[in-house]
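Undergrad: Model the structure of this input:
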Amino acid sequence: MLAAASLLAAACAPGPTAGPTGPSGSRSPETSPVAVATAPPCPPGPAASQAPAPWWQDAVFYEVFVRSFADSDGDGVGDLRGLIDHLDYLQDLGIRGIWLMPVAEAASYHGYDVVNYRAIERDYGTVADFRALVAAAHTRGIAIITDLVVNHTSIENPWFQDARRPGSVHDHWYVWSNTNPGYGGPHGEQVWYPEGKRFFYAQFSETMPDLNLANPVVTNELEGIARYWLDDLGVDGFRLDAIKHLIEDGQQQVNTPATHEWLAGFHAAVRAAKPDALLVGEVYDLTLISSSYVPDAVDLTFDFELADKMLLGSRIGEAGSLASAQRDTLKRYGGRSYAAFLTNHDQTRTMSSLNDGGSARAAATLLLTNPGVPFVYYGEELGLTGAKPDERIRSPMPWTPSGPAAGFTTGTPWEPLEAGSAATNVAAESTDPGSLLAHYRALIQLRDAHPALRIGSFVPLDSASRAVYAFIATLGGDRVAVIVNLGAEAETGYDLRLAKSATCGVASVAVAYANGVSAAAIPVPPAVTGDGTFVGWRPVPLLPAHSTLVLTLD
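TA: Numbers count the residues shown, from 1 in each chain. The predicted model follows:
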């Protein structure tokens with residue numbers, strides 16, 4: 001089996017740039033190769049010859065809920081074979097990593113209450129199907145990481161069924177108290193539940209009791225499970241659910257020192273099994289907290305605070321708070337060790353949050369040019385809608401405009417599709433150069449073509465307009481300026497200013513990608529001083545609402 005680093009090496013080499021601007025401002029699929037400039041390294045950006053970055057820094061990930069992605073056998077439930085059948089779509093989109101929501105045998109539809117960690121959920125297929133998925137993905141240069149739920153199990157898990165008997169083999173695998181401690185959870189919620197004459201701790205639900213990770217026997221078992229998925233099934237890493245909740249210290253129930261210590265040990269065990277395996281953790285908290293888990297506890301954490309600011313900026317057309325959050329994120333993480341995203345399976349979908357196609361385009365630009373590692377929730381690239389309850393933000397993927405199931409299944413879908421699938425579907429958007437899907441594809445191509453966007457330095461540009469967000473990314477001779485109008489109105493007086501050197505002088509400027517904006521000859525930044533700073537740069541006279549302009553600086 002190819003290691004993740006090698007399977008991604010060819011896929012993530014600098015690729016094609018976006019093609020000529022179409023009538024709608026989007027890019028046509030025809031592309032031409034772009035050679036990365038070979039000019040000397042430009043301070044303060046890192047040199048292109050620096051030590052290789054981890055493979056995941058070159059990847060755009062795609063979160064898949066297998067139950068809702070594609071059904072291969074007509075039973076109305078998505079499965080692993082259905083996902084295999086649609087890997088070419090993900091490869092064409094430019095995806096280089098797939099995050100699978102839980103696929104182990106579970107008690108509930110969502111999979112986060114595991115019954116058997118070493119079995120594949122029967123609704124999804126078999127171990128053979130999973131191995132076939134990993135092999136097919138690797139052939140296409142796509143890595144596979146899967147959810148691993150280590151905080152809790154299902155109440156139906158045989159471990160807990162045995163633990164109900166005091167003194168049993170699994171008794172100390174869970175957190176028990178002989179009396180009701182009487183305190184609530186981090187938000188005042190009930191966390192202690194009666195079982196016979198005792199009480200067990202369950203952070204998220206009475207049906208999902210917490211594992212006792214202070215017990216080394218439990219830790220050894222979970223490390224063995226990780227090795228099984230890495231070695232026997234061939235996955236390239238894990239997304240770890242709810243990691244700030246792992247080990248409690250009395251009423252201190254989140255982000256405890258013991259939790260950090262446990263994760264550091266687990267991280268070491270995973271790396272011993274597969275040195276280039278990725279661990280990405282869910283820490284639903286402030287950037288100050290989530291960043292504290294990197295790099296010892298996990299390789300990446302999702303930055304929820306930054307995601308909120310990207311959505312807010314796109315919704316209200318204001319760049320200042322986003323720029324501040326981005327600077328704080330880079331400072332807190334000390335580089336690029338975070339996962340960028342807009343929404344996930346627990347949140348109102350991006351299109352429903354923004355309720356506007358133009359805002360969704362701007363948000364896509366923010367995500368896919370972000371210095372972090374981007375994660376796209378399935379269907380986000382189409383503009384799929386959905387709001388609580390959870391089932392409605394995890395509804396089936398629309399593939400075609402025909403029929404009530406829109407190509408998801410030949411049977412009755414386990415959950416009804418969102419309204420509007422006749423227009424919002426893969427088939428319709430794949431042939432429309434002005435679609436949101438085309439925008440996502442072009443942006444991912446752009447990211448592949450420019451290492452500066454993936455692993456370069458990040459220098460913000462100030463704008464005279466509150467709606468315009470801009471920055472320069474630099475890696476050696478590869479220098480890219482990204483300019484986004486987050487607002488619903490066109491901008492003319494948006495003059496850009498660079499207060500920190502990132503240009504070292506600019507001889508020419510070329511358009512790498514334009515969406516919604518007409519761009520021809522671009523002037524070089526005016527008044528370039530000896531240290532590369534400038535003021536009063538306006539690359540185009542007019543930035544239309546929600547438009548994107550990406551420029552290369554030579």
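
Undergrad: which residues of the stretch 51-200 of the chain fall in helices?
TA: Secondary structure of the stretch 51-200 of the chain (DSSP state H, counting those that start in this stretch): helices at 66-69, 80-85, 87-93, 127-139, 158-163.

Undergrad: so which of the ones you listed gets nearest A481?
TA: Smallest distance to A481 across these (CB to CB): 24.8 Å, for helix 87-93. Every C-beta, even on glycine, is put in place using the N, C-alpha and C of the backbone.

Undergrad: Who are the packing partners of the closest one?
TA: Secondary-structure packing of helix 87-93 (3 or more CB pairs under 8 Å, 6 or more residues apart in numbering; DSSP states H and E): helix 436-449.

Undergrad: Check the offset of the helix it packs on from the chain's centre.
TA: Centre-to-centre, helix 436-449 and its host chain are 15 Å apart (CA atoms, centre = their mean, to the nearest Å).

Undergrad: try stretch 126-135
TA: On the basis of CA atoms, centre = their mean, stretch 126-135 sits 23 Å off its chain's mean C-alpha point.

Undergrad: got it, and stretch 145-152?
TA: 16 Å.

Undergrad: which regions of the stretch 451-554 of the chain sit below the pLDDT cut-off?
TA: Within the stretch 451-554 of the chain, the stretches with pLDDT under 70 are 500-504, 527-531.

Undergrad: separation between P433 and N515?
TA: Per CB to CB, to the nearest Å, P433 is found 11 Å from N515.

Undergrad: okay, the helices of the stretch 51-200 of the chain, which one's buried deepest?
TA: Mean neighbour count (mean count of other CB atoms under 10 Å) peaks for helix 66-69 among the helices of the stretch 51-200 of the chain, with a mean of 25.

Undergrad: just checking, what packs against that one?
TA: With contacts taken as 3+ CB pairs under 8 Å, 6+ apart, helix 66-69 sits against helix 80-85.

Undergrad: helices or strands next to the helix it packs on in the packing?
TA: helix 66-69, helix 127-139.

Undergrad: Quick one: name whatever helix or strand follows the one helix or strand P374 maps to.
TA: Assigned by DSSP states H and E, P374 falls within strand 373-377. Elements were assigned by DSSP H and E; along the chain past strand 373-377, the next helix or strand is helix 426-430.

Undergrad: Show me which residues of that following helix are buried.
TA: V426, A428, E429, S430 (16 or more other CB atoms under 10 Å).

Undergrad: CA atoms of it as PDB?
TA: The C-alpha trace of helix 426-430 is given here as PDB (Å, rounded to 0.1, in the frame of the first residue of the first chain):
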ATOM      1  CA  VAL A 426     -23.800  17.600  -9.900                       C
ATOM      2  CA  ALA A 427     -24.900  16.900 -13.400                       C
ATOM      3  CA  ALA A 428     -26.400  20.400 -14.000                       C
ATOM      4  CA  GLU A 429     -23.600  22.300 -12.400                       C
ATOM      5  CA  SER A 430     -20.800  20.300 -14.100                       C
END
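
Undergrad: what sits up against that helix?
TA: For helix 426-430, contacts defined as CB atoms under 8 Å, 6 or more residues apart in numbering pick out 89, 382, 397-401, 407, 422, 435-438.

Undergrad: at 7 Å what do you get?
TA: Y89, L382, W399, T400, P401, S435, L436, L437 (CB atoms under 7 Å, 6 or more residues apart in numbering).

Undergrad: same thing with stretch 395-402?
TA: For stretch 395-402, contacts defined as CB under 7 Å, 6+ apart pick out 68-70, 378-379, 386, 406-408, 413, 415-418, 421-422, 424-428.

Undergrad: switch the cut-off to 8 Å
TA: Taking CB under 8 Å, 6+ apart as the rule, stretch 395-402 contacts 68-70, 78, 86, 378-379, 382, 384, 386, 405-409, 413-418, 421-428.

Undergrad: Any idea how far it is from the middle of the chain?
TA: With CA atoms, centre = their mean, you get 22 Å for stretch 395-402.

Undergrad: for stretch 116-127, same thing?
TA: Worked out by CA atoms, centre = their mean, stretch 116-127 lies 24 Å from the chain centre.

Undergrad: Compute the first-to-last residue distance for that stretch.
TA: The straight-line separation of the ends of stretch 116-127 (CA to CA, to the nearest Å) is 13 Å.

Undergrad: for stretch 190-208, same thing?
TA: Counting by CA to CA, you get 13 Å between the two ends of stretch 190-208.

Undergrad: So what touches it?
TA: Stretch 190-208 has contacts (CB under 8 Å, 6+ apart) with 107-108, 112-113, 151-156, 164, 166, 174-185, 209-210, 242, 245, 248, 253.
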